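K.L.:
pasting the sequence and the predicted coordinates here, then a few questions.
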Amino acid sequence: MISSKLPNVGTTIFTTMSQLAAQTGALNLSQGFPDFNGPQALLDAVGRHVSAGHNQYSPMTGLPALRQQVANKIARSYGVSVDAEHEVTITPGATEAIFCAIHAVIRTGDEVIVFDPSYDSYEPSVELAGGRCVHVQLTDGEFAIDWQKLTDALSPRTRMIILNSPHNPSGALISRDDLDKLALLIAERDIYLISDEVYEHLVFDGVQHASVLAHEALYPRAFVVSSFGKTYHVTGWKTGYVVAPPALSAELRKVHQYVNFCGVTPLQWALADFMAAHPEHVEELPAFYQAKRDLFCELLTSSRFQFKPTPGTYFQLVDYSQIRPDLNDVDMSLWLTREHGVATIPVSVFYQQPIPEQRLVRLCFAKREETLRQAAEKLCAI
Ligand SMILES: Cc1ncc(COP(=O)(O)O)c(C=O)c1O
């Protein structure tokens, strides 16, 4: 028998719920992906580049034209200048970027602080690198950083902290003030950051995303990760990028070179073309998703679920304690899928130590209006 290096990892809840949704014919509001297509001009560009013969390996660091478009977008969005050649690396998905950043830095015995609830790829990547995750719970309800808990979790072995804003699954945002506090807290320590900003353009109500890219004290020690999949409605393209200062990028590229070497070439060409021709796509994204959030929340007001409209991401948490307080959230998700035809994600799976009394499930509203209306009708009938 093989002795597993990841004994605690099984099939993820995302796979389980999507499979159950398919088997039962439930509306799939579980896994985070749109049920609509990306922009037609972007899709057309792929075909064009495939036909034009852009089908061989791209440079290891990513297509220069796409790295330049990323740098241009960062300058427009955050008013900071990054060097496309030495600071931007294109990766096959944000997931690979996170894996490579962890492996570039973490050695046996190092500790990595993650905030629970946290995205599921962080911990296995840390463990494979020989490190150990130290879980710090975000505050109950607001999902904000508990500064006392974070301070208590720091040790001489802490080598990395992983931030995620806008936050999956809660949608909570880290503010500029939070970043300032963090910078002060770790100023004298040898700690790196991953800032997982894959939902950077999904921030609502006129709030500006506080990117680590624009933080003078934090960026020098950070790997800032984003995903074209989220921003351009093409999650299956698994194309992302990481921005880090030149010395950090150089180390990350050493790992990336042997994990995957390069991203998919025609997709990179298509993204570069589209970003050059349609810089407004990114500016229009908050309003695009805010309209979906507002519609969905409006439709759910007559349900027995309780919620506050999410400030970011395309996820809405809802509290079901007025409906089935007797069920834990995994059983609630199964019940909702099987009995009511809507697949959701239980929030407890994002915790090392779930909060027993929490009664929250996550709904993805990156869906067509018709899907949102059908889902809301089912949820309101419960
Ligand atoms: C917080 C977070 N980070 C990273 C990723 C992975 O992004 P990608 O599909 O580009 O690998 C996701 C995808 O759901 C996510 O929610």
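P.N.:
The structure has been received and is ready for your questions.

K.L.:
does residue 159 count as helix, strand or coil?
P.N.:
Going by DSSP: H, G, I helix; E, B strand; the rest coil, the secondary structure assigned to residue 159 is strand.

K.L.:
look up how far the ligand lies from it.
P.N.:
If you measure residue 159 against the ligand using C-beta to the nearest ligand atom, to the nearest Å, the figure is 20 Å. For the C-beta atoms, the positions are set from N, CA and C on the backbone; glycine is no exception.

K.L.:
wait, that residue sits on residue 189?
P.N.:
No - in this structure, residue 159 is not within contact of residue 189 by C-beta atoms under 8 Å, at 9.4 Å.

K.L.:
get me the contact residues on this protein for the ligand.
P.N.:
Within the chain, the positions adjacent to the ligand are 32, 93-95, 119, 164, 168, 196, 198, 227, 229, 235, 238, 240 by C-beta under 6 Å from any ligand atom.

K.L.:
could I get these as JSON lines with pLDDT, secondary structure and neighbour count?
P.N.:
What follows is the residues of the chain next to the ligand, written out as JSON lines (pLDDT from 0 to 100; DSSP: H, G, I helix; E, B strand; the rest coil; neighbours: other C-beta atoms under 10 Å):
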{"residue": "32", "pLDDT": "92", "secondary structure": "coil", "neighbour count": "21"}
{"residue": "93", "pLDDT": "97", "secondary structure": "helix", "neighbour count": "23"}
{"residue": "94", "pLDDT": "98", "secondary structure": "helix", "neighbour count": "24"}
{"residue": "95", "pLDDT": "98", "secondary structure": "helix", "neighbour count": "20"}
{"residue": "119", "pLDDT": "96", "secondary structure": "coil", "neighbour count": "19"}
{"residue": "164", "pLDDT": "98", "secondary structure": "strand", "neighbour count": "25"}
{"residue": "168", "pLDDT": "98", "secondary structure": "coil", "neighbour count": "24"}
{"residue": "196", "pLDDT": "99", "secondary structure": "strand", "neighbour count": "29"}
{"residue": "198", "pLDDT": "98", "secondary structure": "coil", "neighbour count": "26"}
{"residue": "227", "pLDDT": "98", "secondary structure": "strand", "neighbour count": "24"}
{"residue": "229", "pLDDT": "98", "secondary structure": "helix", "neighbour count": "22"}
{"residue": "235", "pLDDT": "97", "secondary structure": "helix", "neighbour count": "19"}
{"residue": "238", "pLDDT": "98", "secondary structure": "coil", "neighbour count": "18"}
{"residue": "240", "pLDDT": "98", "secondary structure": "strand", "neighbour count": "24"}
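
K.L.:
and the furthest pair within those residues?
P.N.:
The largest separation in the residues of the chain next to the ligand, counting by C-beta to C-beta, is between 164 and 238 at 18.4 Å.

K.L.:
return the set of residues that bridge with residue 224.
P.N.:
Using DSSP bridges, the beta-bridge partners of residue 224 come out as residue 195, residue 243.

K.L.:
so it makes contact with residue 213?
P.N.:
Yes - at 5.2 Å, residue 224 counts as touching residue 213 under the criterion of C-beta under 8 Å.

K.L.:
what do the two both touch?
P.N.:
Residues touching both residue 224 and residue 213 (C-beta atoms under 8 Å, 6 or more residues apart in numbering) are residue 243.

K.L.:
of those two, give the one with the bigger neighbour count.
P.N.:
A direct count of neighbours by other C-beta atoms under 10 Å for residue 224 and residue 213 places residue 224 higher, at 29 against 23.

K.L.:
what sits against the residue of the stretch 1-150 of the chain at minimum distance from the ligand?
P.N.:
Using C-beta to the nearest ligand atom, the closest approach of the stretch 1-150 of the chain to the ligand is made by residue 93 at 2.9 Å. Counting by C-beta under 8 Å, 6+ apart, residue 93 touches 227, 229, 238, 239, 240.

K.L.:
and residue 57, by the same measure?
P.N.:
By C-beta under 8 Å, 6+ apart, the contact set of residue 57 is 261, 262, 265.

K.L.:
quick one: contacts for the second one?
P.N.:
By C-beta under 8 Å, 6+ apart, residue 262 lies in contact with 57, 58, 59, 60, 62, 90.

K.L.:
if we can go back for a sec, quick check, nearest of the contacts of residue 93 to residue 367?
P.N.:
The closest of these, once distances to residue 367 are taken by C-beta to C-beta, is residue 229, at 16.0 Å.

K.L.:
can I assume the closest one is in contact with residue 264?
P.N.:
No - counting by C-beta under 8 Å, residue 229 sits too far from residue 264 to count as a contact (11.8 Å).

K.L.:
which residues do those two both contact?
P.N.:
237, 238, 239.

K.L.:
gap between the closest residue to the second one other than its chain neighbours and residue 209?
P.N.:
Which is residue 238. Using C-beta to C-beta, 6 or more residues apart in numbering and skipping residues adjacent in sequence, the residue nearest residue 238 is residue 93, 3.8 Å away. Using C-beta to C-beta, to the nearest Å, residue 93 is found at 20 Å from residue 209.
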